[in-house]
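Peer 1: Fold the following, please.
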Amino acid sequence: MNGSRTGRRVARMLTACGRGLVQALASQFAGVPLLVGSLLSVVFLPLGLGVLTAPLLLKGTRAFADTERRWAREWSGVPIASPYRPLPRTEPGLIGRIELCRELLKDPATWRDLLWLLVNVPVGALLGVLPAALLVNGLGGLLVAPFLVAFTSAHHLYWTLNIPLGALCLAVAVFGAPLFVKAHALFCSVLLSPGRGQLTARVDSLTDSRSQVVDASAAELRRIERDLHDGAQARLVALGMNIGLAEQLIKHDPEAASQLMMEAREHSGQALSDLRDLVRGIHPPVLAERGLDGAVRALALTMPFPVDVRIELPGRPEAPVESAVYFAVAEALTNAAKHSGAGRAWAQLGHEDGRLVAIVGDDGMGGASASPGGGLAGVERRLAAFDGVLVVTSPAGGPTIITMELPCALSSPRT
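Peer 2: Sure thing, here's the model as predicted:
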């Protein structure tokens with residue numbers, strides 16, 4: 001029993017030593033180049049020299065920081081939340097690079113990452129190398145020092161003192177190596193976690209988006225109530241009145257009763273059609289039956305102009321996300337049909353880096369915007385409920401490109 005426990009401790013120590021060395025090497029050979037390159041790119045941004053390199057290096061810094069977050073969670077059980085704001089999809093070319101640089105530099109997490117890179121150079125090296133150094137020193141004191149004491153006379157006292165010192169170092173390595181790795185994880189959590197200001201802003205954003213969603217839900221319920229009252233309910237009332245009159249006339253005037261029954265049948269068909277339209281507006285049956293891919297393709301066929309559809313989704317999103325994206329694409333295409341004067345449009349859907357991306361464009365006159373009270377503003381509120389973003393690029397003369405992104409996990413594709 002003691003032997004197996006000792007074996008597990010030795011295994012944990014050796015694992016911790018290896019992980020510490022990995023972190024130490026990463027802090028020097030990944031952290032230092034990223035820090036120097038990022039700072040130089042930012043310094044030379046006003047001259048235009050850093051526009052090409054800054055986004056690449058700052059994204060590399062984020063990837064390195066995310067790797068440290070994953071190590072902290074998997075190796076030491078220290079969870080570190082990601083503090084980054086979602087980055088909107090930008091246009092290709094120089095303008096897109098400038099916009100991406102601006103978004104990255106506006107995020108406070110970018111500057112916290114750079115501060116972490118700077119401090120992690122000495123701290124990561126010290127905490128990473130220390131477990132392996134204690135192990136090597138301990139083994140040297142217990143294995144090499146006795147040999148030198150026994151067979152050499154030079155520095156006899158020095159090597160004698162190294163024996164208990166080596167035993168102490170080895171004991172600290174065996175029991176403390178995992179603690180050094182955890183200490184590094186805790187250090188990273190201080191700088192790589194969202195700051196208080198970010199958390200406050202996040203809470204405010206969630207509160208605002210929740211309020212908007214509640215308002216939108218209330219408005220949707222009022223619309224459904226109004227449609228039921230003015231549509232299906234009115235037709236059903238007329239249906240009941242016609243049937244009642246037909247019952248009174250069926251003995252004295254069968255022909256008039258027959259006419260009323262025909263009208264009642266028409267009212268019932270119209271009421272059923274109204275109810276189907278209402279249900280289709282809440283959650284289209286084609287969306288439930290064929291998924292987002294089939295629903296968007298079916299939607300494209302109803303447009304008055306040709307719509308080029310390209311969809312690459314390896315699985316299905318969750319139902320609320322699927323519904324939100326479908327209605328967002330529908331609103332964008334409907335706006336294009338009503339207001340843009342476009343001759344053609346396109347819709348692209350894809351999934352990358354844990355985000356569902358939908359792009360809807362047209363070759364119309366441009367000038368679209370997510371102005372308050374407009375349809376695109378409603379789309380923006382709908383996506384905000386899922387932590388999504390909407391970006392509208394619509395210069396005068398066109399084309400209009402509407403990009404929508406939201407975090408989304410896909411289910412496994414059906415086999």
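
Peer 1: can you list the weak-confidence ranges in the stretch 1-150 of the chain?
Peer 2: Residues of the stretch 1-150 of the chain that meet the criterion pLDDT under 70 lie in 1-3, 88-93, 142, 144-150.

Peer 1: So which residues of it form helices?
Peer 2: When assigned using DSSP state H, counting those that start in this stretch, the helices of the stretch 1-150 of the chain occupy the ranges 2-29, 31-43, 54-76, 94-106, 108-139, 145-151.

Peer 1: Of those, which is nearest Val379?
Peer 2: helix 94-106 (20.5 Å; CB to CB). (C-beta placed from N, C-alpha, C; glycine too.)

Peer 1: for the closest one, which positions count as buried?
Peer 2: When burial is assessed from 16 or more other CB atoms under 10 Å, helix 94-106 yields the following buried residues: Arg97, Ile98, Glu99, Leu100, Cys101, Glu103, Leu104.

Peer 1: just the angle between it and helix 31-43, please?
Peer 2: 120 degrees (axes from the mean of the first three to the mean of the last three CA atoms, to 10 degrees).

Peer 1: so how far is the lengthiest helix in the chain off the chain centroid?
Peer 2: The helix of greatest length in the chain, counted in residues with DSSP state H as the criterion, is given as helix 156-192. Distance of helix 156-192 from the chain centroid (CA atoms, centre = their mean, to the nearest Å) equals 39 Å.

Peer 1: what's it packed up against?
Peer 2: The criterion is 3 or more CB pairs under 8 Å, 6 or more residues apart in numbering; DSSP states H and E, and the helices and strands that helix 156-192 contacts are helix 2-29, helix 54-76, helix 108-139, helix 145-151.

Peer 1: by contact count, what packs against the longest one?
Peer 2: Using 3+ CB pairs under 8 Å, 6+ apart as the contact criterion, the elements in contact with helix 108-139 are helix 2-29, helix 31-43, helix 54-76, helix 156-192, helix 196-227.

Peer 1: Need the helices of the stretch 1-150 of the chain in CSV (columns: distance to Thr403).
Peer 2: Written out in CSV, the entries for the helices of the stretch 1-150 of the chain read as follows (distance: least, CB to CB, whole Å):
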stretch, distance to Thr403
helix 2-29, 34
helix 31-43, 25
helix 54-76, 17
helix 94-106, 11
helix 108-139, 22
helix 145-151, 67
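
Peer 1: what about those, which gets the closest to Pro285?
Peer 2: Relative to Pro285, the nearest member of those by CB to CB is helix 94-106, separated by 39.1 Å.

Peer 1: got the angle between that closest one and helix 54-76?
Peer 2: Per the same axes, to 10 degrees, the angle that helix 94-106 makes with helix 54-76 is 40 degrees.

Peer 1: Output the contacting helices and strands for helix 94-106.
Peer 2: Using 3+ CB pairs under 8 Å, 6+ apart as the contact criterion, the neighbours of helix 94-106 among helices and strands are helix 54-76.

Peer 1: Which neighbouring elements make contact with the helix it packs on?
Peer 2: In this structure, helix 54-76 makes packing contacts with helix 2-29, helix 31-43, helix 94-106, helix 108-139, helix 156-192, judged by 3+ CB pairs under 8 Å, 6+ apart.

Peer 1: contacts for it?
Peer 2: Contact with helix 54-76 is made by 19, 23, 26, 30-31, 34-35, 37-38, 41-42, 45, 78-80, 82, 84, 97, 100-101, 104-105, 110, 113-114, 116-117, 178, 181-182, 184-186, 188-189, 192, as judged by CB atoms under 8 Å, 6 or more residues apart in numbering.

Peer 1: make it 6 Å
Peer 2: Outside of helix 54-76, the residues within contact range by CB atoms under 6 Å, 6 or more residues apart in numbering are 19, 30, 34, 37-38, 41, 78-80, 100-101, 104, 110, 113, 181-182, 185, 188, 192.

Peer 1: next one: stretch 34-45
Peer 2: The set of residues that contact stretch 34-45 without belonging to it, under CB under 6 Å, 6+ apart, is Gly50, Thr53, Ala54, Leu57, Leu58, Gly60, Thr61, Leu117, Leu118.

Peer 1: What subset of those is buried?
Peer 2: Buried residues within those, counting neighbours by 16+ other CB under 10 Å: Gly50, Thr53, Ala54, Leu57, Leu58, Thr61, Leu117.

Peer 1: in the longest helix of the chain, what counts as buried?
Peer 2: Within helix 156-192, the residues that qualify as buried are 159, 162-163, 165-166, 169-170, 172-174, 176-178, 180-185, 187-189, 191-192, counting by 16+ other CB under 10 Å.

Peer 1: Tell me the spatial nearest neighbour of Leu168, not counting adjacent residues.
Peer 2: Counting by CB to CB, 6 or more residues apart in numbering, Leu168 lies nearest to Gly138, which is 7.6 Å off, once chain neighbours are set aside.

Peer 1: between the helices and strands packed on helix 54-76, which one is nearest to Ala396?
Peer 2: Going through these one by one, with CB to CB as the measure, helix 94-106 comes closest at 16.2 Å.
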